[in-house]
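*Asks:* Okay, predicted coordinates and the sequence, questions at the end:
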Amino acid sequence: MWEALDILTQANFWAATLRIATPLIFGVLGALLCERAGVLNLGIEGIFVAGALSGWLAVYLGLPLWGGVLVAAGVGAAFGLLHGVLTVPLGLSQHVTGIGVTLLATSLAYFGYRVAFPNVATPPRIEPFAPLDVPVLGELPFIGPILAQQTGFTVLAFACVGGLAFVLARTPLGLALRAVGDNPEAVEAQGLSVVGLRIGAVMAGSALMALGGAFLTLSAFNAFYFGMINGRGWVCIALTVFASWRPGKALLGALLFGALDAYQLRVQTIAGGVVPSQIFLMLPYIFSIAALVLVARRADYPRALMKPYFKGQR
Amino acid sequence: MHPDSRHPDPRPLVLSLTGITKRFGSLVANDAIDLDVRAGEIVALLGENGAGKTTLMSILFGHYIADEGSVSIADADGKLAPLPGGSAQAALAAGIGMVHQHFALAENLTGFENIVLGTQSLWSLKLRGRGARAKISRLMAESGLAVDLDVPVARLSVGEQQRIEILKALYRDVRVLILDEPTAVLTPQEADSLAATVRALAGKGLAVIFISHKLHEVLALCERVVVLRGGAKVADRPTAGADRATLAELMVGRAIPPRERPPSIPGAPVLSLKSVSVGAPSARDRLEDADLEVCGGEIVGIAGVSGNGQGALAALVAGLAAPRAGEALLDGARLAAADPAGRVAAGVGRIPEDRHRDGTIGALTVAENFVLETIAAPENQRAGLLRRAAIRARAAEAIKAYDVRCPGPEAAIRALSGGNMQKVVLARVLERAPRLVLAHQPTRGLDIGATTDVHRRLIAARGRGAAVLLISEDLDELFALSDRIAVVHAGHLSPALPAEGLDVRTVGLMMAGHGVGEAA
């Protein structure tokens, strides 16, 4: 029994929590940015896959690691543009379009991978992001070993949380984004472009989602595998509701999910003989569902979420 | 008194529309309309639904582009310059501000955030607050528009939201302010305070275009009235010397017969509520400990700002809600459960508040909508199969009797105008000779012609001995129809008093919470 609690005191566990949470942080931030502007982006799962492949492939072909990050963001933004154009000016169903984008992006990524590497038995590898060498904090007990396992990519995720929170709360652009997800008429009446704001938000949000995918191939692992995203995008959609569309709470939700996932991996080794391992695998997902049930009933959805807006039609 | 050449108005022109024409297919929405507005002038724009008011204002505000004609607006030096069409940005920049009937406010933002939205560069890294606040405080002091700027707009009352809307326009230094049906949602006191504000603003040189169909407001507030009918301008005259009858006639194009309302002969109580509570205690639209009696042969009006409990009352009567406490009786039988079909069978005729959402099913035909509530009755079905021919025949009769303008019983009801749709609802309700008619906002959004028709039908139902429960936000309507009036505020229902002993002021104060329930 004590062993199960002992896990919480291990630096290794907290390091794994951060590693598991990082792609989710990107994904939730991306999803909440899109939804704050009034667009549900179910392309997230496929954009993760496309980001994972494109970032990795760019580095494999010789770009520096941060160059790969940029490529992934660009690919994400391109799929965001596709989703944005279909759902905002054309007003197509956001559900259907999002699922379509996921299918398209996933298939294109797998196809691209197969075309680039027709006959490989073991996936080719790259040299991923190296752990950080933090000068002072790295010397600290407990904190030091946790930080020593993180990369600059995770730092970027935390910076994005702060950055997005600042933009949404403190800048004219954030004001316009929050307004366009609540009442696009208000934005139109103030002389701003609803279409421009929404497409911009979906592109930026999709770029963030793609970074979540790229983290997996450029930092957590060093290769691209089929099925490696494994539903992480969908988890982010649920965590967005849990986060009430706030970046700070998004970070909290991603960390909670990451901690549960890291915990269940370790508990398996202790209790593995008694309880089937699948039960533990379910834990983070059961948490997501339970959190949704608790939070979603009171959730304050952006009022204009999923409602297409056409100019001059009231 | 006509603004002619003998007494030229010394005030400078700020806005000039010439020959504005806009066609939608074969429909001419605006037909060569000219309109001049001077600084400090309050001009009423009057017209029925579909007369072209909204189209004209949408052209002015850049939502539509006129097919012909031009808009000129004074620049900062007072010189008229043409306004490019089709751009809301250009209209805003030229100093045109519009307060829409349905507010264009983001409810998750505060009043302050709504006001400054779009006034600063999107790419600036900081929201500049101090200068903006100073300017808004100055505007509030000048106009008398006081409102809390730092709570989310969702928590403000309708009147306060409207003040934010006006401040939003003033913040952009408008020279022309368009108010679209601004008093439709206000209590009489709020409307008075709005009128005072508008006068103060006009006194400072703002040109105001006041769109309304409330003739007494137009006469009291505006110095000039422009009447549109069928897309064309039919009058442009000073309000001095005009009266309601002439304006109504100009709007409709024919004389409006005065409403005939024979004295009421109340019968036995049909609906009686004894200490009835409906809805969760935490809900805003709920009823607490309400007593009410509606007798056959009388119309009882319920006044109140919507969301104060009339929705709960309507839900109870319509069978959508059950009383939480107390006793509700319909013809002596207890209404204990939420049972819509049971209410219909017991003789309740329901005219719902939202005819699009609750009153009709848009995809079905006129005939199908006509029998919606009695679909199981033997005259409408046999062995589970619809008797289509019989339904169609009776619907055709109702269409004739109620003067529904539509291609026929097989037309989709969605294609009908609001007034004609409401006539179908009326026909459905009244053809069954109900014991109790629940009329919830029965004329909202209807023009004068359709409104008169609805009123006539309700008075006829009363004459037939039916009890009529009329829930309305329109005090003119309540006073025109009701024998007794009760006011609902924050879930509390006042006693229903004879309408002759009440006046609009008193009822307005009660709607704001003075003397109703615990506020007494």
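*Replies:* Ah, there it is. Numbers count the residues shown, from 1 in each chain, chains lettered A, B, ... in the order given.

*Asks:* got any ranges where the stretch 301-450 of chain B has weak pLDDT?
*Replies:* Within the stretch 301-450 of chain B, not a single segment meets pLDDT under 70.

*Asks:* Next up, the contacts around the residue in it positioned nearest to chain A.
*Replies:* Using C-beta to the nearest C-beta, the closest approach of the stretch 301-450 of chain B to chain A is made by residue B:445 at 13.1 Å. In short, each C-beta sits where N, CA and C put it, glycine included. By C-beta atoms under 8 Å, 6 or more residues apart in numbering or on different chains, the contact set of residue B:445 is B:49, B:418.

*Asks:* at 6 Å what do you get?
*Replies:* residue B:418 (C-beta atoms under 6 Å, 6 or more residues apart in numbering or on different chains).

*Asks:* any idea which element it lies in?
*Replies:* Using DSSP states H and E, residue B:445 sits in no helix or strand.

*Asks:* Let me know the secondary structure of the residue in the stretch 201-350 of chain B that chain A sits nearest to.
*Replies:* Per C-beta to the nearest C-beta, residue B:282 is where the stretch 201-350 of chain B lies closest to chain A, at 13.1 Å. Assigned by DSSP: H, G, I helix; E, B strand; the rest coil, the conformation of residue B:282 is coil.

*Asks:* Around it, how many other residues sit close by?
*Replies:* 6 (other C-beta atoms under 10 Å in any protein chain shown).

*Asks:* that older thread, residue B:470 versus the residue of the stretch 301-450 of chain B closest to chain A, what's the distance?
*Replies:* Distance of residue B:445 to residue B:470, computed by C-beta to C-beta, to the nearest Å: 16 Å.

*Asks:* what does residue A:298 give?
*Replies:* 37 Å.

*Asks:* so who does the nearest residue to residue B:296 once chain neighbours are set aside touch?
*Replies:* Leaving out its chain neighbours, the residue that sits closest to residue B:296 by C-beta to C-beta, 6 or more residues apart in numbering or on different chains is residue B:267, at 3.5 Å. Neighbouring residues of residue B:267 by C-beta under 6 Å, 6+ apart: B:295, B:296, B:297.

*Asks:* right, and the last one touches residue B:265 too?
*Replies:* Okay, so that is residue B:297. Yes. Residue B:297 lies in contact with residue B:265 (C-beta atoms under 6 Å); the separation is 5.0 Å.

*Asks:* and the two? which has more neighbours close in?
*Replies:* Each of residue B:297 and residue B:265 has its neighbours counted (other C-beta under 10 Å); residue B:297 has more, 19 against 12.

*Asks:* and the more buried one, backbone torsions?
*Replies:* Residue B:297 adopts backbone torsions of phi 80, psi 20, taken as degrees, to the nearest 10.

*Asks:* what do you get for residue B:357?
*Replies:* phi -90, psi -50.

*Asks:* residues in contact with it?
*Replies:* Contacts of residue B:357 (C-beta under 6 Å, 6+ apart): none.

*Asks:* how much space between it and residue B:440?
*Replies:* 12 Å.

*Asks:* Could you do residue A:161 as well?
*Replies:* As judged by C-beta to C-beta, residue A:161 and residue B:440 stand 48 Å apart.

*Asks:* same question, residue B:305
*Replies:* Where residue B:440 is concerned, residue B:305 sits at a distance of 14 Å (C-beta to C-beta).

*Asks:* Compare the two (neighbour count), which wins?
*Replies:* Higher neighbour count among residue B:305 and residue B:440: residue B:440, with 26 against 21, using other C-beta under 10 Å.

*Asks:* So what sits opposite the more buried one in the bridge?
*Replies:* residue B:471 (DSSP bridges).

*Asks:* got any ranges where chain A has weak pLDDT?
*Replies:* A:1, A:272, A:312-314.

*Asks:* Repeat the analysis, applying 50 as the threshold.
*Replies:* A:314 (pLDDT under 50).

*Asks:* For it, what lies in contact range of chain B?
*Replies:* Contact residues, chain A versus chain B (C-beta under 6 Å from any C-beta of the partner chain): A:170-173, A:175, A:179, A:182-183, A:185-186, A:189-192, A:312.

*Asks:* between those, which has the most around it?
*Replies:* residue A:179 (31 neighbours).

*Asks:* Wait, a helix at that residue?
*Replies:* Yes. Counting by three-state DSSP, residue A:179 is located in a helix.

*Asks:* what residues are up against it?
*Replies:* A:186, A:187, B:106, B:109, B:117.

*Asks:* could I get those as TSV with distance to residue A:47?
*Replies:* As requested, the contacts of residue A:179 are arranged in TSV below (distance: C-beta to C-beta, whole Å):
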residue	distance to residue A:47
A:186	29
A:187	26
B:106	28
B:109	29
B:117	30
